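Enquirer: Here is a sequence with its predicted model. Questions after.
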Amino acid sequence: MRRRATPWLITTTAIALMSCGLKEDEGVLLCSETCDKLYLESECDIQSPGRTVSELLDTCNTNCLQAWETPCSSEDCLSGYDPYTDMSSGVSVELQNQPQAELWMDCVRELECADLTGGYCAPIW
């Protein structure tokens, strides 16, 4: 005797599949909005000598998404990372995991453009 799938099973499976896709799409959207704020002329228009806006956006989105797609389950996911600290001294900072990427995006979203060019919310490529 063949059993039919219950509506509960179908609904649960559909929600699980959609939420996986939404999490990925959410990262793409959040990274894109954050990078746009940093580099688009209509936003903060941060420039880097010798690099085009397209290159800056590509680098930003690639690094952001790479971190976004790297989960962290340890208690020290931030590993001392604090984007609200002035990093104008030239210390190199890399986003390593999703908690760091989320904190970085929050920082960029919250601060004014002048603060972003002044060493806050690192990394800024």
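Expert: In hand now; what should we look at? Numbers count the residues shown, from 1 in each chain.
Enquirer: For the rest of this, base every contact and every neighbour count on C-alpha atoms.
Expert: OK.
Enquirer: so where is this protein shaky, pLDDT-wise?
Expert: 1-24 (pLDDT under 70).
Enquirer: ok, 90 please
Expert: Across the chain, the ranges flagged by pLDDT under 90 are 1-25, 73-75, 86-92, 117-119, 125.
Enquirer: Specify the local secondary structure of G50.
Expert: coil (DSSP: H, G, I helix; E, B strand; the rest coil).
Enquirer: For it, the count of nearby residues, please.
Expert: Number of residues near G50 (other Cα atoms under 10 Å) recorded here: 6.
Enquirer: Would you mind measuring from it to T62?
Expert: As defined by Cα to Cα, to the nearest Å, G50 lies at a distance of 19 Å from T62.
Enquirer: again, but for S89
Expert: Counting by Cα to Cα, the gap from S89 to T62 is 24 Å.
Enquirer: quick one, which of these two is more surrounded?
Expert: Remark: of S89 and T62, T62 carries more neighbours, 15 against 7, as counted by other Cα under 10 Å.
Enquirer: contacting residues around the more buried one?
Expert: Contacts for T62 (Cα atoms under 8 Å, 6 or more residues apart in numbering) come out as none.
Enquirer: The same query, at a cut-off of 10 Å, please.
Expert: Neighbour list for T62: V28, C31, S32, L56, W68 [criterion: Cα atoms under 10 Å, 6 or more residues apart in numbering].
Enquirer: Pick out whichever of those residues sits closest to E41.
Expert: L56 (12.2 Å; Cα to Cα).
Enquirer: chain center to the strand or helix carrying the closest one: distance?
Expert: Secondary structure assignment for L56, by DSSP states H and E: helix 53-68. The gap between where helix 53-68 is centred and where its chain is centred comes out at 9 Å by Cα atoms, centre = their mean, to the nearest Å.
Enquirer: Check which residues of it are buried.
Expert: Neighbour counts over helix 53-68 (16 or more other Cα atoms under 10 Å) mark V53, L56, L57, C60, N61, N63, C64, L65, Q66, A67, W68 as buried.
Enquirer: Would you reformat those as JSON lines and include distance to D36?
Expert: As requested, these are arranged in JSON lines below (distance: Cα to Cα, whole Å):
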{"residue": "V53", "distance to D36": "10"}
{"residue": "L56", "distance to D36": "10"}
{"residue": "L57", "distance to D36": "7"}
{"residue": "C60", "distance to D36": "9"}
{"residue": "N61", "distance to D36": "9"}
{"residue": "N63", "distance to D36": "14"}
{"residue": "C64", "distance to D36": "12"}
{"residue": "L65", "distance to D36": "14"}
{"residue": "Q66", "distance to D36": "17"}
{"residue": "A67", "distance to D36": "17"}
{"residue": "W68", "distance to D36": "17"}
